[in-house]
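Visitor: below is the sequence, then the predicted model.
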Amino acid sequence: MRGLLAAGAAWVAWAGLAASPARAETRPRYGGSVAAALLGAPASLDPVAARSHAELSLAGLLFDGLYRLDEQGAVVPQLAAGAPVLDAARGVLVIPLRQATFHDGTPITAAAVVASLSRVQKSAMAFVLAGVTDLRAVDGALEVSGAVDPTTLARRLALPQAGIVADQAPSADRAVGSGPFMLASLRRRERVVQLTAFAAYHAGRPYLDEVVLHWFDTPDGEARRFEIGASQISLRGVTAFAGAEPKFRADTVEGPAAVLVFVGFGNGHPEITGRREVRAALDLALARGGFSTLGAGEQVVPTRSPVPPQAGGPALPAAARGGDVTAALARMGQAASASPPLLPATVAAARLEILFDDSRPDDREVAERVVRALDKIGLTATVVAQSAPALRARVDRGACDLWIGQVSAPVHDAAVWQHLALAVGGGAAGRARGHRPDAGNPARRFELEQPIVPLYFRGLRASYRTDVRGLAFDPSGQLGFADLFLFGEPERSRRTSP
């Protein structure tokens, strides 16, 4: 970030961990406001609970972790003052900490870091600290005991879910972190969150004074807002109608296919959705090729794997994109002959619900496609819209049948994707199966449990006005708002005669 460069961050790179280069652009004055969008409403502002692209975007702006990933995927220090260092005499890793404060002015102590990371250890994100047996605050540094590879630990601590929180845990509407921006307001009825620059940010305050992020309940709402010049960045195109031009000329930047859309399962009808055979049948019956028509022309990669192709996940053959109903019905037949059997009468009588987030309009169409796949294997379902917080609450309780979910992670890290697939599919259903996010081989556990049915990976395309500079995606498909600045005046579109 600009602050690390301004502060002249003098730390020595270690195996695989290096700082990103400075930009060559002329530095503008500080100030200004940028209006952009989130891919839906945040269910919570607590970083350890962040799953969706919107939640991870906010987590990265409101909270700092010990490390972060730069645009090239290299790990650089944030609240840490350098790389984890092995103290061979005592057999511990020592992570030095820089001086910094939370947004409320409270110093970030080593004890606060230990308390925050202990929350991560007790959450579905426990894999971040896999192998760690003890965390201690010693002389202003963090000491880590256990069989832990320092490079892997640093990369895991760079995940937004490992952001350091203050004593009072964040909630659905409150957050005190130490990131480059502070929460000014979250107005759910107006579908907007307002962030202001943190003047005392340890790495140097952001250029912008303010970032205003909207979410939309219609497919074309974001494009309409950009079209009339009411926002500077759009993730859903620049106009609501083909052939039209926005008020201001737009450039574009493409992100990695790092957003996974999937089907999750609850305990509403555990005799059906809790069965591995039924989940496998749905997986086989889905015609994933149709998902390529969703969105505004950005990259869509249909998948049956929770690991993206860029991380070594298998590409879905073209022949498999239409689904395999014959194989799906065979799996339902296995459920009927298993012990206990899934009786045809039970299947015929069931009326399932598929929940979707009403702040992500594409998810309605996704849910409707899942309904059609369920119909092919003899199951009846309807789609039900929920607000983001209500959906998260029902999923956490297992009070649903199926739901459409979303998760984002560094696109090249296969192990993180495998662990996340188990974590997001855990919930009440996972706890009922004795699921532990950090136990066993995650790829094998996924194969045995199928906690989610992956549908497709999505790569975002950001359109932005020409006066917005420094826009880039990180490896998780997040935009670096902390590095944005305004420079010059926006260029108007040049309309031509038909």
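Guide: Alright, I've got the coordinates.
Visitor: any regions of the stretch 351-498 of the chain where pLDDT drops low?
Guide: Screening the stretch 351-498 of the chain residue by residue with the criterion pLDDT under 70, one finds the ranges 426-440, 495-498.
Visitor: for it, just list every one of the strands.
Guide: In the stretch 351-498 of the chain, the strands defined using DSSP state E, counting those that start in this stretch lie at 351-357, 380-386, 402-408, 452-465, 468-469, 485-486.
Visitor: out of those strands, which gets nearest to V325?
Guide: When the strands of the stretch 351-498 of the chain are compared by Cβ to Cβ, strand 452-465 sits nearest V325, at 15.4 Å. Just so you know, the C-beta spots here come from the backbone N, C-alpha and C atoms, and that holds for glycine as well.
Visitor: show me what that closest one pairs with in its sheet, parallel or antiparallel.
Guide: Neighbouring strands of strand 452-465 in its sheet, by DSSP bridges, are strand 233-234 (antiparallel), strand 250-265 (antiparallel), strand 300-302 (antiparallel).
Visitor: out of these, the one nearest M332 is which?
Guide: Distances from M332 to each of those were compared using Cβ to Cβ; the minimum, 15.8 Å, belongs to strand 250-265.
Visitor: chain center to the helix or strand that comes right after the closest one: distance?
Guide: Following the chain from strand 250-265 toward its C-terminal end, the next helix or strand by DSSP states H and E is helix 270-273. In this view, helix 270-273 has its centroid 28 Å away from the chain centroid, taken as Cα atoms, centre = their mean, to the nearest Å.
Visitor: over to stretch 463-480?
Guide: What separates the centre of stretch 463-480 from the centre of its chain is 16 Å, taken as Cα atoms, centre = their mean.
Visitor: so how far is stretch 89-97 off the chain centroid?
Guide: Relative to where its chain is centred, stretch 89-97 has its mean C-alpha point 30 Å off (Cα atoms, centre = their mean).
Visitor: quick one: buried residues of it?
Guide: Across stretch 89-97, burial judged by 16 or more other Cβ atoms under 10 Å covers V92, L93, V94, I95, P96, L97.
Visitor: inside strands: which ones of those?
Guide: Using DSSP state E, the members of these that fall in strands are V92, L93, V94, I95, P96.
Visitor: so which helix or strand takes in the nearest residue to the fourth one once chain neighbours are set aside?
Guide: This means I95. Nearest-residue entry for I95: L142, 4.3 Å, with adjacent residues in sequence omitted and distances by Cβ to Cβ, 6 or more residues apart in numbering. Assigning secondary structure by DSSP H and E places L142 in strand 141-146.
Visitor: run through the chain and note the low-pLDDT ranges.
Guide: Across the chain (using pLDDT under 70), the flagged ranges come out as 1-27, 296-297, 426-440, 495-498.
Visitor: now the helices for it?
Guide: Here the chain has its helices, by DSSP state H, at 2-6, 53-62, 110-121, 150-157, 221-227, 270-273, 276-285, 325-337, 344-349, 362-376, 388-397, 414-424, 427-432, 442-449.
Visitor: just the CA trace of the last one, in PDB.
Guide: To tie it back to what came earlier, the one meant is helix 442-449. Once side chains and other backbone atoms are set aside, the C-alpha atoms of helix 442-449 remain, and they are given as PDB (Å, rounded to 0.1, in the frame of the first residue of the first chain):
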ATOM      1  CA  PRO A 442      -9.600 -31.700   3.400                       C
ATOM      2  CA  ALA A 443      -9.700 -33.000  -0.200                       C
ATOM      3  CA  ARG A 444     -10.600 -36.500   1.100                       C
ATOM      4  CA  ARG A 445     -13.100 -35.100   3.600                       C
ATOM      5  CA  PHE A 446     -14.800 -33.100   0.800                       C
ATOM      6  CA  GLU A 447     -15.000 -36.300  -1.400                       C
ATOM      7  CA  LEU A 448     -16.600 -38.300   1.500                       C
ATOM      8  CA  GLU A 449     -19.000 -35.600   2.800                       C
END
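Visitor: hey, what's the angle from that helix to strand 452-465? Just curious.
Guide: Interaxial angle of helix 442-449 relative to strand 452-465 (axes from the mean of the first three to the mean of the last three Cα atoms, to 10 degrees): 120 degrees.
Visitor: list the buried residues of helix 442-449.
Guide: Judged by neighbour count (16+ other Cβ under 10 Å), helix 442-449 contains these buried residues: P442, A443, R445, F446, E449.
Visitor: now the third one
Guide: Neighbour counts using 16+ other Cβ under 10 Å place A110, A112, V113, V114, A115, S116, L117, R119, V120, Q121 of helix 110-121 among the buried residues.
Visitor: so what touches the strand holding L142?
Guide: Applying Cβ atoms under 8 Å, 6 or more residues apart in numbering, the set of residues contacting strand 141-146 from outside is 66, 84, 87, 91-97, 110, 113-114, 117, 131-137, 153.
Visitor: now that strand: how far from the chain's centre is it?
Guide: Once both centres are worked out by Cα atoms, centre = their mean, strand 141-146 turns out to sit 27 Å from its chain's centre.
Visitor: partners of it in the sheet?
Guide: Under the criterion DSSP bridges, strand 141-146 sits next to strand 92-96 (antiparallel), strand 132-138 (antiparallel) in its sheet.
Visitor: buried residues, that strand. List them.
Guide: Neighbour-count burial for strand 141-146 flags A141, L142, E143, V144 (criterion: 16+ other Cβ under 10 Å).
Visitor: wait, what's in contact with Q386?
Guide: Contacts for Q386 (Cβ under 8 Å, 6+ apart) come out as L355, F356, D357, D358, R394.
Visitor: now the residues you listed as a markdown table including neighbour count and distance to D173?
Guide: Rendered in a markdown table, the data for the contacts of Q386 read as follows (neighbours: other Cβ atoms under 10 Å; distance: Cβ to Cβ, whole Å):
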| residue | neighbour count | distance to D173 |
| --- | --- | --- |
| L355 | 25 | 21 |
| F356 | 24 | 22 |
| D357 | 30 | 17 |
| D358 | 18 | 18 |
| R394 | 20 | 19 |
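Visitor: nearest residue to V261 other than its sequence neighbours?
Guide: On the basis of Cβ to Cβ, 6+ apart, the spatially nearest residue to V261 that is not a chain neighbour turns out to be L455, at 4.9 Å.
Visitor: which residue is the nearest non-sequential neighbour of V148?
Guide: For V148, the nearest residue in space outside its immediate sequence neighbours is G131; the separation is 4.6 Å by Cβ to Cβ, 6+ apart.
Visitor: show the contacting residues for that neighbour.
Guide: Going by Cβ under 8 Å, 6+ apart, G131 touches G146, A147, V148.
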